[in-house]
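# Pasting the sequence and the predicted coordinates here, then a few questions.
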Amino acid sequence: MGKGKVRSYRTRVWRGSQVTILKLQGLHGAEYSVIYNSNDKLEISFMSTKLPLGIDIRYILNSGVSGFLCYAIYELLAGSPTFDLAQTRMVFKFGRDK
């Protein structure tokens, strides 16, 4: 991920088969879709299924509100080994130069 191009990423730490994995991933390669769209609200989904875990990250923008809401839906994909999801976080880096 090139410097200056990444404005958000997510990390996950999971344990399985005696291995601890830390994964840093941006939204590159994720499929997106509009979940809900009205004059007052927009909800967008970014779905990635490249890991043993399907991750659906949702962003909600409400009219008249200066912030946004985001959340993630995690789904263990069929045939994937079980593991413990130790932690997950979303980080946003807002550019000050624009």
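Looks like it arrived, so ask away. Numbers count the residues shown, from 1 in each chain.
# quick one: pLDDT of Thr20?
Note for Thr20: predicted pLDDT of 44.
# If you could redo that for Ser45, that was the one I meant.
We have a pLDDT of 91 for Ser45.
# How about Lys50?
At Lys50, pLDDT is 71.
# quick one: secondary structure of it?
coil (DSSP: H, G, I helix; E, B strand; the rest coil).
# And it, how far from Asn37?
Distance, Lys50 to Asn37, using Cβ to Cβ, to the nearest Å: 27 Å. C-beta coordinates here come from the backbone N, C-alpha and C atoms, glycine included.
# Please list all residues in contact with the residue lying closest to Ser63 once chain neighbours are set aside.
Nearest residue to Ser63, sequence neighbours excluded (Cβ to Cβ, 6 or more residues apart in numbering): Asp40, at 4.5 Å. Asp40 sits next to Asn62, Ser63, Gly64 when contact means Cβ atoms under 8 Å, 6 or more residues apart in numbering.
# Run a quick neighbour tally on the second one.
Pointing back at Ser63 there. Neighbours of Ser63 under the rule other Cβ atoms under 10 Å: 9.
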